[in-house]
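Enquirer: Mind folding the following:
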Amino acid sequence: MTAYTGRAFCFSLAAMIMPSVCVAQTAPTSPRPAAEIERQMAELQKELAASKLAEANAAIAAETAAKAKADQARIYLASISGAPPTQPGVTAPAALIQQSQPSPGTVTTTTEKPDGTKVVEVKPWTQEGIRANTTGKQTFGGINFGVGVAFSYDLGSNGRVSDASVVDGIVRVNRTENVRARFVLESHFLFTPTNIGGVKRFFGFENTATEKNWGVGPFIALQPGGAEAIIDAIGAGVMVGLRRSGTGTDSFNIGVGVLYDLNVQTLGDGILENMPLPGLEEEVRFKRQEQSGLLIMSSYSF
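Expert: Below you'll find the predicted structure:
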């Protein structure tokens, strides 16, 4: 028997006598069972499915909330316009529509936040809202005002600059707003004298005990602001009103006074038009301040 055959015989004999010892000495470490791997894969798939389900539920909840807010906005807009909602399936409470009357000159803006929700703002006192007003009257802060057309000419020492730039190191003003036309809300009180120093007529208009055809008195005017300020400008002066008929309220009123703009943009301190920038500055600075101006205004209600 050769040496190789003898070793094989010994190993065979040892395997029959002590099989566990022989396997431990000769067999390599076995890998994880396939069943264990399959179990772990199944658990991972369950976790992934649960995560996807949670994401889907969150998306559905966000979409439902957005639709609910949109429905509320439609109901609100329908209530202020006096018309029922146009979206199928959305019904506004009848009491809400009955209590809310149409608001002339209302401007509605809808903005969308990063999370997808929409915010509806109704501003009846913006320039666009006043322009769309068909009644000639507007409520602001619970006070009834008339609507007027105003012209203002700046009387301040600093020009109103809306845009400026630096060209070859020199400050150049691109746009000014020293003269402005605007809509304003106004309120006035007209005295109707029948005799002033023996003069009974004013431009052919005469006041009697029963008919008041012209008047003179003080007025105030204001320009409502936006999100940053409640009022942008306020003024006062003297007004003359000429009534179109002795019984109606239509008239032509002209007033002259002073207007104070409370938020005017001008060049910053030390920066002058058509001059180099001071020091080492490289950009045009602006500042906000109040500024006065001449006001000429016209309104149309006696």
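Enquirer: Do a quick rundown of the strands in the stretch 51-200 of the chain.
Expert: Under the criterion DSSP state E, counting those that start in this stretch, the stretch 51-200 of the chain contains strands at 107-112, 118-123, 137-140, 143-154, 161-167, 170-176, 179-188.
Enquirer: do you know which of those strands lies nearest residue 209?
Expert: Smallest distance to residue 209 across the strands of the stretch 51-200 of the chain (C-beta to C-beta): 22.5 Å, for strand 179-188. C-beta coordinates here come from the backbone N, C-alpha and C atoms, glycine included.
Enquirer: just checking, what packs against the closest one?
Expert: Applying 3 or more C-beta pairs under 8 Å, 6 or more residues apart in numbering; DSSP states H and E, we find strand 179-188 packed against helix 127-132, strand 143-154, strand 214-224, strand 231-243, strand 250-267, strand 286-301.
Enquirer: for the record, mean pLDDT for stretch 210-223?
Expert: For stretch 210-223, mean pLDDT rounds to 89.
Enquirer: hey, C-alpha coordinates of it in CSV?
Expert: C-alpha atoms of stretch 210-223 as CSV (Å, rounded to 0.1, in the frame of the first residue of the first chain):
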residue,chain,number,x,y,z
THR,A,210,-84.4,125.7,-1.0
GLU,A,211,-81.6,125.0,-3.5
LYS,A,212,-77.9,124.8,-2.9
ASN,A,213,-76.0,125.0,-6.1
TRP,A,214,-72.4,125.8,-5.1
GLY,A,215,-70.3,125.6,-2.0
VAL,A,216,-66.8,126.1,-0.6
GLY,A,217,-65.1,124.3,2.3
PRO,A,218,-62.3,122.1,3.5
PHE,A,219,-61.4,118.6,2.3
ILE,A,220,-59.1,115.8,3.2
ALA,A,221,-57.6,113.2,0.8
LEU,A,222,-55.7,110.0,1.3
GLN,A,223,-54.1,107.3,-0.8
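Enquirer: Pull out the buried positions in it.
Expert: 212, 213, 214, 215, 216, 219, 220, 221, 222, 223 (16 or more other C-beta atoms under 10 Å).
Enquirer: between the strands of the stretch 51-200 of the chain, which one is nearest to residue 281?
Expert: Closest of the strands of the stretch 51-200 of the chain to residue 281 is strand 161-167, at 9.0 Å (criterion: C-beta to C-beta).
Enquirer: what's the angle from the closest one to strand 286-301?
Expert: 150 degrees (axes from the mean of the first three to the mean of the last three C-alpha atoms, to 10 degrees).
Enquirer: What strands line up against strand 161-167, and which way round?
Expert: strand 170-176 (antiparallel) (DSSP bridges).
Enquirer: in the partner strand, what counts as buried?
Expert: Taking 16+ other C-beta under 10 Å as the criterion, strand 170-176 shows residue 171 as buried.
Enquirer: One more: stretch 240-250?
Expert: For stretch 240-250, by 16+ other C-beta under 10 Å, it's 240, 241, 242, 243.
Enquirer: Now distance to residue 52 too, for the helices and strands packed on strand 179-188, in JSON lines please.
Expert: Output for those, formatted as JSON lines (distance: least, C-beta to C-beta, whole Å):
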{"stretch": "helix 127-132", "distance to residue 52": "47"}
{"stretch": "strand 143-154", "distance to residue 52": "58"}
{"stretch": "strand 214-224", "distance to residue 52": "51"}
{"stretch": "strand 231-243", "distance to residue 52": "52"}
{"stretch": "strand 250-267", "distance to residue 52": "52"}
{"stretch": "strand 286-301", "distance to residue 52": "52"}
